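A.B. asks: Pasted the sequence and its predicted model underneath.
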Amino acid sequence: FVLGAIGLPFGLSWVIGTGSELFTGNAFVMAAGVYSGKVSMKDLAHNWFWSLLGNIIGCAFIFGMYIHLCGNVGNPGLMAGAAKVAMVRMTTTPILFFKAILCNWLVCLAIWLATASATLPGKYMSVFLCIPAFVAMGLEHSIANMFLVPAGMAAGAPITVAMFLTTLVPVLLGNIVGGAVFMGGLTHLAYGDN
C-alpha cells in the first residue's frame, strides 16, 4: 500500500509538473473539450490514440529500467511484492470495470484540482489527496497496471499475456467512462463551457 500511495502520486506529479500526457487524464480533458465544442471528435480520437500509445511505450521503458537495468530482478522481497500486487489485479471483469470508473474519477479530480492551483505545491497537494484514496480503496488504473502487472509477471506471478489483456481492456474502458462521462460530462453539466 505504501509504495502505491507514494509511487503513483509521484508519477502523476511528474506528468503534471512536466506537462506530459496521461491517457486517463486526457479521457477527461478531451471529452470536456468535445462537450464544450472546443475539440472535435477527430481531435479526441487522435489525442487518445497517441497518448495511450505513448503511455504504453513509457510504461515499457520504465519497467525495463526498473526491473532489468536497476538490478531489481535479484531482489527477492521486491519481486515477491510485485508478484502479489499483480495477482490482485487479476479479478473478475465486471468488478474491474466499476473499480476503474471510480479510480479515474479520482485521478481526473486530482488533475482538475491541480489545474485550478496556481502554485506547484498546490498542484502536488491535489495529487497527494486524491491518488492515495484510489490506492487505499483498491481501485483500478489502466496505465498503472501496464507497469504493475508486467513487473509481477517478471517476478514470477502465474499471469499470461492473454490474462493480462483480459483484465486490461475492462479497466481501460472503465477509466474512459470515469474520465469522459463522470468527470468530463458531469463537470460540463455543472459548469457549462467554463
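C.D. replies: Noted; the coordinates are in hand. Model, not experiment: these values are computed from the prediction.
A.B. asks: Tell me where this structure has helices.
C.D. replies: Using DSSP state H, the helices of the chain run over 2-18, 23-35, 41-63, 76-88, 93-116, 120-136, 142-154, 161-176, 186-191.
A.B. asks: Tabulate those (TSV), appending mean pLDDT and mean neighbour count.
C.D. replies: For every residue, glycine as well, the C-beta is placed using N, CA and C. Converted to TSV, the helices of the chain look like this (pLDDT from 0 to 100; neighbours: other C-beta atoms under 10 Å):
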stretch	mean pLDDT	mean neighbour count
helix 2-18	79	16
helix 23-35	96	23
helix 41-63	93	15
helix 76-88	82	16
helix 93-116	93	21
helix 120-136	89	18
helix 142-154	89	23
helix 161-176	95	19
helix 186-191	92	12
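A.B. asks: what's the spacing between the closest residue to residue 144 other than its chain neighbours and residue 87?
C.D. replies: Counting by C-beta to C-beta, 6 or more residues apart in numbering, residue 8 is the residue found nearest to residue 144 once chain neighbours are left out, at 5.9 Å. Counting by C-beta to C-beta, to the nearest Å, the separation of residue 8 from residue 87 is 18 Å.
A.B. asks: same deal with residue 44?
C.D. replies: 35 Å.
A.B. asks: same check, this time on residue 178
C.D. replies: Distance from residue 178 to residue 87, counting by C-beta to C-beta: 24 Å.
A.B. asks: Can you name the residues that contact residue 132?
C.D. replies: For residue 132, the contact set (C-beta atoms under 8 Å, 6 or more residues apart in numbering) comprises 4, 5, 6, 8, 9.
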